[in-house]
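[1] Task: produce atomic coordinates for the following.
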Amino acid sequence: MRFFFRSKQFKIIVCIFAVVVALALIFGYIGTRMSPHADILATVSAPFRSLATGIKNSVSDFFTAYNDGNRLMLENAELNGELNDLRKQIADYNEKSAQNDFYKNYLGIKETNPDFEFTPATLISRDSEDPYAGFVVNKGYMSGIKAYDPVITDAGLVGYITEVGAITSKVTTVLNPDLTLGALDNRTSDSGIVSGNLQLAKSGQCRFSNLSRSCSVAIGDYVVTSGEGIFPDGLLIGTIESIGSDDYNTSIYADIKPFVEISKIRNVMIITSFDGQGGVKPNTDKE
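    Reported below is the predicted structural model:
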């Protein structure tokens with residue numbers, strides 16, 4: 001038996017067995033891979049397949065981004081629309097609230113003066129060449145406005161109507177020397193005339209003049225309309241800021257600061273009717 005393991009036949013059998021085992025291992029390994037031709041083709045085409053895959057992904061990403069962009073644009077447009085609606089609602093609310101406050105502030109004047117008839121008006125332009133701060137409002141004779149109608153705010157007297165069109169009117173202010181009105185010191189009842197001049201208009205003031213030297217006016221006193229001329233009585237004009245005497249030392253004057261800040265006026269009330277209306281008109285040729 002031991003001679004058999006040393007024999008040529010045994011060696012041949014061992015060689016054949018080894019070859020079979022080797023072939024089995026080789027084919028087992030090759031079976032798990034592509035064929036040589038397929039492997040070569042796959043190797044050659046790999047860059048092109050990678051490029052195509054990249055292009056495909058880029059195109060897909062582009063359309064995804066485009067669709068997302070459109071969706072975001074639509075959502076943004078909807079949000080902007082909602083925001084604009086909210087802004088409009090807030091603006092409408094603020095406007096209505098301002099209107100309510102505007103009318104509420106005149107309620108006290110109306111209660112004190114039930115004979116007054118008001119027409120509200122809004123400033124639409126200022127006369128840049130008028131040193132006395134005249135302006136134009138959006139109401140005219142079609143709204144019942146007439147020349148010489150008094151113009152006020154809830155703070156006090158502004159001036160009066162001097163020019164009337166169909167839908168607009170010009171307002172001359174208390175700073176203008178063309179406007180002269182009878183006035184009283186509300187505390188002492190000392191009487192005089194209120195009018196403006198160019199120098200005082202630069203500081204937003206007007207003058208209470210023709211006061212008796214025996215008058216008792218004092219700085220801080222309120223000045224109101226006396227009811228003489230085109231204005232009803234009791235309208236607030238301003239407060240006395242300084243007192244002096246005329247060049248001949250025969251009378252006293254007081255410079256007053258109007259209660260109405262003329263440069264900041266936005267809305268006014270025009271008194272179209274009141275008891276005693278139709279008094280002496282201002283001495284002006286602006287008919």
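[2] is it fair to say L107 lies in a strand?
    No: with DSSP: H, G, I helix; E, B strand; the rest coil as the criterion, L107 is assigned helix and is not in a strand.
[3] I'd like to know how many residues surround it.
    When neighbours are counted by other Cβ atoms under 10 Å, L107 registers 10. Using the backbone N, CA and C atoms, a C-beta is placed for each residue, glycine as well.
[4] try S212
    13.
[5] go on, C215?
    The burial count for C215: 17, using other Cβ under 10 Å.
[6] Could I get the contacting residues of it?
    185, 188, 190, 252 (Cβ atoms under 8 Å, 6 or more residues apart in numbering).
[7] helix or strand for I124, which one?
    Using DSSP states H and E, I124 sits in strand 117-126.
[8] can you give me the strands for this protein?
    117-126, 135-137, 150-153, 156-164, 169-173, 181-185, 191-195, 206-211, 222-225, 236-245, 252-258, 267-273 (DSSP state E).
[9] Can you say which of these is nearest to N80?
    Within the strands of the chain, the stretch nearest N80 is strand 117-126; the backing value is 30.2 Å (Cβ to Cβ).
[10] Adjacent strands (with direction) for that closest one?
    strand 135-137 (antiparallel), strand 267-273 (antiparallel) (DSSP bridges).
[11] Nearest residue to V151 in space, ignoring adjacent ones along the chain?
    V158 (4.4 Å; Cβ to Cβ, 6 or more residues apart in numbering).
[12] again, but for F135
    Per Cβ to Cβ, 6+ apart, closest to F135 is R126, 4.7 Å.
[13] if we can go back for a sec, deepest of the strands paired with strand 117-126, which one?
    Among the strands paired with strand 117-126, ranked by average contacts under mean count of other Cβ atoms under 10 Å, first place goes to strand 135-137 (a mean of 22).
[14] Residues touching that one, excluding its own?
    121-127, 151, 168-171, 173, 265, 268, 270.
[15] if we can go back for a sec, what number of residues lie near the residue nearest to F135?
    Neighbours of R126 (other Cβ under 10 Å): 14.
[16] if I pick it, what's in contact with it?
    Counted by Cβ under 8 Å, 6+ apart, R126 has contacts 133-136.
[17] Which ChimeraX command selects the buried ones in the contacts of strand 135-137?
    In ChimeraX, this line selects whichever of the contacts of strand 135-137 come out buried by 16 or more other Cβ atoms under 10 Å:
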select :121,151,168,169,170,171,173,265,268,270
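[18] How many residues are close by N138?
    N138, neighbours per other Cβ under 10 Å, totals 14.
[19] Surely it and P120 touch.
    No: applying Cβ atoms under 8 Å as the test, N138 and P120 come out as separate, 9.6 Å apart.
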